[in-house]
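Trainee: attaching a predicted model along with its sequence, questions to come.
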Amino acid sequence: MEKEDLPLLQEWVNNLNIEGEYEPIKQETIKDLEKQYDDLKEGQWFFIEKKDGKKIGYVAHFVSMGKQKEIGYALLPEERGKGYGTEAVTIMVDYLFLSKDIMRIQADIRPENIASQKVLEKVGFKKEGILRKCYFSRGKLRDTAIFSILREEWKEPKIIAKGK
């Protein structure tokens, strides 16, 4: 994703149907996103695209702490349940373990978001636990679930090296 792509990202992150019913309500300006983009340091945002080039979502990685990265992702509602999320997360995991000196990748999701939990589990992530009442969304404090995959659990590329 390039800086000139931020207007599309802004449209998506401000759309409650795309960010999903489990995420906080956001109203990000282009300046907000530009600042986030510039502050990524060792993180990156990528579009998830179909073979015809149609953008259907995004996946990102961020610096967490120590030798770990955190990932996040979202798909357009009409493209969910078709395997695109699982493929995008698998590619991101392959990419990060092949190109970064990290020991783990983590993702935090809403415990109610069963579809996202299934994506992570298919890729090999394991649930570590629940952070209770750790963020505020839609009028109340909510929990988040932490999932991770360790380098030794990953073992080898699933997609990238196989040219899939």
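Mentor: That came through, no problem.

Trainee: pLDDT below threshold where in this protein?
Mentor: For the chain, applying pLDDT under 70 flags the ranges 20, 160-164.

Trainee: most centrally placed residue in the protein?
Mentor: The centroid of the chain falls nearest to Gly72 when counting by Cα atoms, centre = their mean (1.6 Å).

Trainee: are we agreed that Leu6 is in a helix?
Mentor: Yes - counting by DSSP: H, G, I helix; E, B strand; the rest coil, Leu6 is located in a helix.

Trainee: list the contacts for the residue lying closest to it once chain neighbours are set aside?
Mentor: Computed as Cβ to Cβ, 6 or more residues apart in numbering, the closest residue to Leu6 that is not its neighbour in sequence is Leu33, at 4.7 Å. C-beta coordinates here come from the backbone N, C-alpha and C atoms, glycine included. Shown in contact with Leu33 (Cβ atoms under 8 Å, 6 or more residues apart in numbering): 6, 9-10, 13.

Trainee: how about the helix or strand containing Leu33: buried residues?
Mentor: Applying DSSP states H and E as the criterion places Leu33 in helix 30-38. If you call a residue buried by 16 or more other Cβ atoms under 10 Å, then helix 30-38 has these buried ones: 33, 36-37.

Trainee: equivalent analysis for stretch 116-123, please.
Mentor: Applying 16+ other Cβ under 10 Å to stretch 116-123 flags 116-117, 119-120, 123 as buried.

Trainee: measure the residue sitting furthest away from the middle of the chain to Pro24 for me?
Mentor: No residue in the chain has its C-alpha farther from the mean C-alpha position than Gly139, which lies at 24.0 Å (Cα atoms, centre = their mean). Distance, Gly139 to Pro24, by Cβ to Cβ, to the nearest Å: 11 Å.

Trainee: wait, doesn't Ile130 sit right on Asp143?
Mentor: Yes - with contact defined as Cβ atoms under 8 Å, Ile130 and Asp143 form a contacting pair (5.2 Å).

Trainee: secondary structure class for the residue nearest to the centre of the chain?
Mentor: strand.

Trainee: nearest spatial neighbour of it, chain-adjacent residues omitted?
Mentor: Ala60 (5.2 Å).
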